[in-house]
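Engineer: here you go, sequence then predicted model.
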Amino acid sequence: DVKVTQSSRYLVKRTGEKVFLECVQDMDHENMFWYRQDPGLGLRLIYFSYDVKMKEKGDIPEGYSVSREKKERFSLILESASTNQTSMYLCASMALAAHSYNEQFFGPGTRLTVL
Amino acid sequence: DQQVKQNSPSLSVQEGRISILNCDYTNSMFDYFLWYKKYPAEGPTFLISISSIKDKNEDGRFTVFLNKSAKHLSLHIVPSQPGDSAVYFCAASSAPGNQFYFGTGTSLTVIP
């Protein structure tokens, strides 16, 4: 059974704090993604990574950074949390898709509240 | 700019009837489409996909229709069951390895 796990289901932080969200997948997937989900806006891509130490900006990277030191782990970092970063954060992984499409597998999400 | 749109935020259907969820897109380069289902407090799970070389794909009670000229796809669920109550997202991509663009979601409620 494929599995994507996220370090916390719920997190409450204060404005200005540095926040780390961790994601681990056990499927040996090359690609990993961080999205945020907000009402009326759907899922928006923050960053993705197609290999260890590689990263690409998504549609809304401002205020975020990522780290991928190992294939199975992809971390999202909020350098200085702000209230507009209160959201549901979803991590996903996907097998390498050089010539065919593959589905993304999602973790359960982290509900982050920034006070 | 939202490249994939789901204009109905919510839909209610009686158990046993058909549920039709719609999705529109603006990018004519999209050629692969997926539907995901999301329960509260869980991550989205893959439901069904369709490639642009087809206009229909069926999997049990779920059928996806694609109208490329209208840049429109729809998900039909027949018969609808209470366990189908969830938020449904459509997503689209233009090439393998490219990012998927997600719609805003439609919350389906199936009334017993």
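Structural biologist: Structure's in. What do you need?
Engineer: up against chain B, what does chain A have?
Structural biologist: A:4, A:9, A:31, A:33, A:35, A:40-45, A:48, A:50, A:58, A:90, A:92, A:96-109 (Cβ under 8 Å from any Cβ of the partner chain). Where you see a C-beta, it was placed from the backbone N, CA and C, and this is true even at glycine.
Engineer: residue in chain A nearest to chain B?
Structural biologist: The minimum distance from chain A to chain B, using Cβ to the nearest Cβ, falls at residue A:106 (3.2 Å).
Engineer: about what we covered before: out of the residues of chain A next to chain B, which end up buried?
Structural biologist: A:4, A:31, A:33, A:35, A:42-45, A:48, A:50, A:58, A:90, A:92, A:97, A:101-107, A:109 (16 or more other Cβ atoms under 10 Å in any protein chain shown).
Engineer: how many residues are close by the closest residue to the residue of chain A closest to chain B other than its chain neighbours?
Structural biologist: Distances taken as Cβ to Cβ, 6 or more residues apart in numbering or on different chains place residue B:43 nearest to residue A:106, at 3.2 Å, with adjacent residues excluded. Residue B:43 has 21 neighbours, counted by other Cβ atoms under 10 Å in any protein chain shown.
Engineer: residue contacts, residue B:43?
Structural biologist: Counting by Cβ atoms under 8 Å, 6 or more residues apart in numbering or on different chains, residue B:43 makes contact with A:4, A:90, A:92, A:106, A:107, A:108, A:109.
Engineer: next one: phi and psi at residue B:84?
Structural biologist: Residue B:84 adopts backbone torsions of phi -80, psi -10, taken as degrees, to the nearest 10.
Engineer: now the phi/psi pair for the residue nearest to it when sequence neighbours are not counted, please.
Structural biologist: Distances taken as Cβ to Cβ, 6+ apart place residue B:110 nearest to residue B:84, at 5.1 Å, with adjacent residues excluded. When read as degrees, to the nearest 10, the backbone of residue B:110 gives phi -100, psi 120.
Engineer: thinking residue B:110 is in contact with residue B:61, fair?
Structural biologist: No. Using Cβ atoms under 8 Å, residue B:110 is not in contact with residue B:61; the gap is 11.6 Å.
Engineer: what touches both of the two?
Structural biologist: Taking Cβ under 8 Å, 6+ apart as the criterion, residue B:110 and residue B:61 both touch residue B:81.
Engineer: more neighbours, the two?
Structural biologist: Applying other Cβ under 10 Å to residue B:110 and residue B:61 shows that residue B:110 carries more neighbours, namely 21 against 14.
Engineer: strands of chain B, start to end?
Structural biologist: B:4-5, B:10-14, B:19-25, B:32-38, B:45-51, B:56-59, B:62-67, B:72-77, B:86-93, B:101-102, B:106-111 (DSSP state E).
Engineer: how much space separates the residue nearest to residue B:15 when sequence neighbours are not counted from residue B:40?
Structural biologist: Among residues not flanking residue B:15 along the chain, residue B:112 sits closest, at 5.1 Å (Cβ to Cβ, 6+ apart). Counting by Cβ to Cβ, to the nearest Å, the gap from residue B:112 to residue B:40 is 18 Å.
Engineer: what does residue B:9 give?
Structural biologist: Distance from residue B:9 to residue B:40, by Cβ to Cβ: 15 Å.
Engineer: quick one, which of those two is more surrounded?
Structural biologist: Shown here are residue B:9 and residue B:40; by other Cβ under 10 Å, residue B:9 has more neighbours (12 against 9).
Engineer: contact partners for residue B:68?
Structural biologist: Applying Cβ under 8 Å, 6+ apart to residue B:68 gives the contacts B:52, B:55.
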